[in-house]
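>>> sequence plus the predicted model coming up.
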Amino acid sequence: MMNNAFDLRMAEMHIEVHKFRSGAIVGATFLALILQAFVPVYFPKFAVLDLPLLVTTYFGLSRRNPSTGSLLGMVTGLLQDSLSALPLGLYGIAKTIVGYLASSIGARLDTEHPAARFALTMFFFVLHQGVITLTRRLLLAEPEAWFTLRLGIAAAVNAVVAVFVFMLLDRLRKS
Amino acid sequence: MAGIPSRHRSLVLLAGVILLQVVLLAVQIKRDSQGRLLRVWTVSAVSPFERAGAKGIGNIRGTWSHYFALQNTSRDNEQLRRENDELKLQVNQLQSKAAEADRLAALLNFRQAQRNVPMLAARVIGTSADTASQTIYLDRGERDGIRRNMGVITPDGVVGKVIESYRDTAQVLLLTDKDSGVGAMLSDSRIQSPVGGTGEPLLSMKYIPTDDTVNLGEQVVTSGMDRIFPRDLPVGVVAEIKTGRPFQQVRVRPAAHLQRLEEVIVLLTLHQLEQKKEPPAPPAEAAGKSVGGTAAVTP
């Protein structure tokens, strides 16, 4: 898989790797975590969003480096775990995989179009929840439903919001 | 990583970090540890922002909704409306303060009814940053005497229990979380059964035998058997009943507004709570006592 990703990346050098202003990635990730923890106190429906996932996906798709994508996903996921009542690693594993795959896909495809961003975010949201469910079932022996209507709605909502959040994050790019 | 071909490095890194986290999960389960160090760092980094936000948002929200939203007035009567706006602003601020005073009065009444139980009022400043667990963060922590396993309530009913206490912050597991539970009983029949969270808005009362009678709308109160909450605090009302064997599937709607918590009370004791004995009230009167949530705690 990695061989293919590498070869394709070499073959598609026209896909631009974006650089960001210093502190942009750290700042955006931290802000996403704070908003995720704070806003639902006053707007409970906000909890349907997973802003740290959107940030991980965005920087993965933009930076197009699977190593940094994996590490960013791991750090973001572990921080999210540490604010929850869950064991550390549950969101960490899921976001590591999302970070890696987003970077790999970003290296192969042009992901700047809003439709592509919508579809990819929806895919990554479902994948992210799938990995969490798998981890809970296998490692924590907790019975979890694979798919619920709520998950489908949440995936669509996150995908719509992602289109606008990604536009905002585009402004952090170095021109 | 030096001997690994560059094309494989990211894949090896991916495998490495996943393996590391799987080991981390396994260690936490094996040792029943919580990874406290990382949690302390993260909470210490995030909670000042949440605390500042919680303090400021009330003022901002009030100003925005009660003043700026009224800016689209006609120019013809601008002067008149400006005066009106100012008066409205004052009224709204007073109403807001009155509402807050009502809430605080309810807390105070509850507290006065439970003089023998040390309590502490706290403000909710944050929630868990994920959808898989249901927790909140309070603006009080170890410095205020909050410890793990202390009960958290509102005048309306049970909220949950403290699962982690930091220096200035405490994490509370809400009753709706899958791992949450409270000793409870039906208020009329006094049938006891733990009530647990399901990860959804409704709670589950797990062990009510099929032969026992349960009525929709019946109050569920704490039994005191968990040694965290005093007896007869409101937990919720029966919202759904489905037959099953050997137990009925009883779903309970929480009495406390768990989706919208801004102030709570922490029961500052880890000892079994003793309730003062009072003469039994007539049934109709007892049912009415839950109004306001303050008198419902008397057994």
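Structure's in. What do you need? Numbering: from 1, shown residues only, chains lettered A, B, ... in the order given.

>>> near chain A, which residues of the stretch 101-250 of chain B? Just list them.
Within the stretch 101-250 of chain B, the positions near chain A by Cβ under 8 Å from any Cβ of the partner chain are B:124-137, B:163, B:171, B:173, B:177-179. Any C-beta I mention is one placed from the backbone N, CA and C, and that applies to glycine too.

>>> would you write a ChimeraX line that selects the buried entries of those residues?
The buried residues among these can be selected in ChimeraX (16 or more other Cβ atoms under 10 Å in any protein chain shown) with this line:
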select /B:124,125,126,127,128,129,130,131,132,133,134,135,136,137,163,171,173,177,178
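
>>> tell me where the stretch 51-200 of chain B has strands.
B:119-127, B:135-138, B:151-154, B:157-165, B:170-174, B:181-186, B:192-196 (DSSP state E, counting those that start in this stretch).

>>> what does the first one rub up against?
Residues from elsewhere that reach strand B:119-127 (Cβ atoms under 8 Å, 6 or more residues apart in numbering or on different chains): A:37-38, A:40-41, A:47, A:83, B:46-47, B:50-51, B:53-54, B:104, B:107, B:111, B:135-140, B:144-146, B:169-170, B:261-268.

>>> if I take it and strand B:170-174, what angle do their directions form?
Angle between the axes of strand B:119-127 and strand B:170-174 is 80 degrees (criterion: axes from the mean of the first three to the mean of the last three Cα atoms, to 10 degrees).

>>> tell me the angle strand B:119-127 makes with strand B:157-165.
Going by the same axes, to 10 degrees, strand B:119-127 makes 70 degrees with strand B:157-165.

>>> how about the CA coordinates for strand B:119-127, as CSV?
Presented in CSV, the C-alpha positions along strand B:119-127 are these (Å, rounded to 0.1, in the frame of the first residue of the first chain):
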residue,chain,number,x,y,z
MET,B,119,-22.1,20.6,50.0
LEU,B,120,-20.5,22.9,47.6
ALA,B,121,-22.0,24.8,44.7
ALA,B,122,-20.0,24.7,41.4
ARG,B,123,-20.3,26.0,37.9
VAL,B,124,-20.1,23.8,34.9
ILE,B,125,-17.2,25.1,32.6
GLY,B,126,-16.8,22.3,30.1
THR,B,127,-17.8,18.9,28.7
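
>>> average model confidence for that strand?
Across strand B:119-127, pLDDT averages out at 89.

>>> pairing partners for that strand, with directions?
strand B:135-138 (antiparallel), strand B:263-267 (antiparallel) (DSSP bridges).

>>> isn't B:K161 up against B:M150?
Yes. With contacts counted by Cβ atoms under 8 Å, B:K161 reaches B:M150, the gap being 6.6 Å.

>>> shared neighbours of these two, which are they?
B:I228.

>>> tell me where the chain has helices.
No chain was given, so I picked chain A. A:2-11, A:24-38, A:51-63, A:66-82, A:90-108, A:114-138, A:149-170 (DSSP state H).

>>> actually, chain B is the one I wanted.
B:6-31, B:36-66, B:78-113, B:283-288.
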